[in-house]
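Peer 1: task: produce atomic coordinates for the following.
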Amino acid sequence: MRLLLDANLSGRRVARGLRSAGHDVLALSEHPELEGFDDPDVLALASEERRILITRNSKDFAPLLREWAEAGRHHAGCILVWTLGHHEFQALVKAICQLLIGRPRQRDWLDIAIAI
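Peer 2: Numbering: from 1, shown residues only. You can find the predicted model right below:
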């Protein structure tokens with residue numbers, strides 16, 4: 001699965017775990033030139049690259065996703081991390097992988113937002 005980790009998620013720990021599970025992961029924290037992107041630009045990048053966005057920034061992305069839906073704009077999917085702490089890397093990777101197993105094709109995520 002093609003994924004994009006927002007800058008607020010560890011590229012070293014979360015991306016590595018997801019890559020080990022066979023996913024194609026672009027982690028913003030691993031690309032300094034992408035770290036300063038505003039939230040709308042992050043969602044646009046994920047959409048353009050057909051990557052499911054994974055972010056801890058639910059406060060800003062939930063309304064942004066709603067705006068896109070109301071405007072008829074499509075995105076490649078979004079996982080909003082609400083419940084797991086910043087130090088729970090293994091639990092986060094496991095939860096994401098379980099979600100991806102439940103929707104195993106990239107197209108199954110079109111315009112879907114799920115909170116964990």
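Peer 1: alpha carbons of stretch 37-49, in CSV - could you do that?
Peer 2: C-alpha atoms of stretch 37-49 as CSV (Å, rounded to 0.1, in the frame of the first residue of the first chain):
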residue,chain,number,x,y,z
PHE,A,37,4.3,22.0,4.0
ASP,A,38,1.0,23.4,5.2
ASP,A,39,-1.8,20.9,5.9
PRO,A,40,-3.6,21.5,2.6
ASP,A,41,-0.4,21.0,0.7
VAL,A,42,0.3,17.7,2.6
LEU,A,43,-3.2,16.4,1.7
ALA,A,44,-2.7,17.5,-1.9
LEU,A,45,0.7,15.8,-2.1
ALA,A,46,-0.9,12.6,-0.7
SER,A,47,-3.7,12.8,-3.3
GLU,A,48,-1.4,13.5,-6.2
GLU,A,49,0.8,10.6,-5.3
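Peer 1: which residues of the protein fall in strands?
Peer 2: Under the criterion DSSP state E, strands of the chain are mapped to 2-5, 24-27, 52-55, 78-80, 113-115.
Peer 1: just say which of those strands is most tucked in.
Peer 2: Neighbour counts averaged per stretch over the strands of the chain are highest for strand 52-55, at a mean of 26; criterion: mean count of other Cβ atoms under 10 Å. All C-beta spots, glycine's among them, are computed from the backbone N, C-alpha and C.
Peer 1: in CSV: the strands of the chain, plus mean pLDDT and distance to R105.
Peer 2: Shown next, in CSV, are the strands of the chain (pLDDT from 0 to 100; distance: least, Cβ to Cβ, whole Å):
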stretch, mean pLDDT, distance to R105
strand 2-5, 98, 11
strand 24-27, 97, 14
strand 52-55, 98, 11
strand 78-80, 98, 16
strand 113-115, 96, 15
